[in-house]
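1. Kindly generate the corresponding structure for this input.
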Amino acid sequence: MIELRNVKKDFDDLEVLKDISMVINDHEIYGIIGQSGAGKSTLLRCINGLEDYQSGEILVNGEKVSLDDKNRLRQMQKNMGMIFQNFNLLNRLDVYDNVALPMKFWGMKTKTPEAKKKIESLIELVGLFDKIHARPRELSGGQKQRVAIARALVLDPQILLCDEATSALDPAITREILDLLQKINKELGITIVVVTHQMEVVKQICERVSFLKDGKVLAEGRPEELFVKPIKEVKQFLQEESGHLPSEGVNIQLFFTNESSDDPVITMMARALNVDFSICWGKLEDFRSNVFGSLVINVKEEDREKVCAYLDDKKVLWEVL
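-> Just a heads-up that it's a prediction; the model follows:
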């Protein structure tokens, strides 16, 4: 659906995107994560043609995104809905007219029976039919974002771009918005690209994710691959530490994935090997209803070889810290 090939973007002397390449598949929910200033939002704006880029290629449905052909770019942008952190609703319009706004921009009638049915169905989809004539000042933050989502869908886009869409919302409302995005992805078959610095967003809905730092993609893969066994830069981003580990013995970190998360490996190992160990640190996290995590144990030096051999036999990922 979307392909980036060696994309570079500068603001004067500041290099913002440095040789970015990625492929976003049709119908998937793809995350772009990193700290503020990593280049996430700039990358999203390059994808939908709000920003130009100096070199490389961005292809959407096989067509190059370029500011050179304004009419062609406008048609491509029609196919890409976008939602923002601050909602961007017009206070003087009610929910119906805010959702209808893109149709007005394109010269479409918004009060015909067909248009009315379409707009009302989208408002119902986002769960706000009882607020159809309410003004933005009468809505909560979560309700405003639902209106923004309905508005982004009114032109029947194939792609929905979300720029920090849940950053201004509390955790409970964030969960509701993420559930709604998953529903839209599943029922409407829309490809969704999520730019965020919130780990919970990526873990809950994204099938694949890229981690950006200083304008570069440092890691890409399934969220559980990036965050259960993170590279150094991701670990720093997560501000994750294994606590104060013992200086004596051997500290071994175990990583639990789909293949091993359901097995009682630790108790099985203790019985099978008749070894003593200490549990020093651990975490379990929910990734799209699957539980993954890691655990640090401390074993005696003389038990190291047989413990590692046992973990290999049980296909548990591990590393000595």
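2. drop to CA atoms for contacts and neighbour counts, all remaining ones
-> OK.
3. And the next helix or strand past the longest helix anywhere in the chain?
-> Looking across the chain with DSSP state H, the single longest helix is helix 171-188. Under the assignment DSSP states H and E, the closest C-terminal helix or strand after helix 171-188 is strand 191-196.
4. For the closest residue to residue 297 other than its chain neighbours, the count of nearby residues, please.
-> Counting by CA to CA, 6 or more residues apart in numbering, residue 297 lies nearest to residue 279, which is 4.5 Å off, once chain neighbours are set aside. Neighbours of residue 279 under the rule other CA atoms under 10 Å: 15.
5. Is residue 279 in a helix, a strand, or coil?
-> strand (DSSP: H, G, I helix; E, B strand; the rest coil).
6. ok, it touching residue 295?
-> Yes - between residue 279 and residue 295 there is a contact under CA atoms under 8 Å: 7.4 Å.
7. can you map out the helices along this protein?
-> 40-47, 70-78, 95-105, 113-125, 141-153, 171-188, 199-205, 223-228, 232-238, 265-273, 304-313.
8. among the ones you listed, which is the most enclosed?
-> Highest mean neighbour count among the helices of the chain (mean count of other CA atoms under 10 Å): helix 141-153, with a mean of 25.
9. which other helices and strands contact it?
-> Packed against helix 141-153 by the contact rule (3 or more CA pairs under 8 Å, 6 or more residues apart in numbering; DSSP states H and E) you find strand 80-84, helix 95-105, helix 113-125, helix 171-188.
10. Figure out which of the ones you listed is closest to residue 210.
-> Residue 210 sits nearest to helix 171-188 of all the helices and strands packed on helix 141-153, at 18.4 Å, using CA to CA.
11. any idea of the mean pLDDT for the closest one?
-> Mean per-residue pLDDT for helix 171-188: 93.
12. Determine the angle, from 0 to 180 degrees, between it and helix 141-153.
-> 20 degrees (axes from the mean of the first three to the mean of the last three CA atoms, to 10 degrees).
13. elements contacting helix 171-188?
-> So helix 171-188, by 3+ CA pairs under 8 Å, 6+ apart, packs with helix 141-153, helix 199-205.
14. pLDDT value on the residue lying closest to residue 150 once chain neighbours are set aside, please?
-> Nearest residue to residue 150, sequence neighbours excluded (CA to CA, 6+ apart): residue 122, at 5.5 Å. For residue 122, the model assigns a pLDDT of 96.
15. again, but for the one 10 residues further on
-> For residue 132, the pLDDT comes out at 96.
16. Tell me where the stretch 151-300 of the chain is predicted with low confidence.
-> Scanning the stretch 151-300 of the chain for pLDDT under 70 picks out the ranges 240-243, 258-262, 289.
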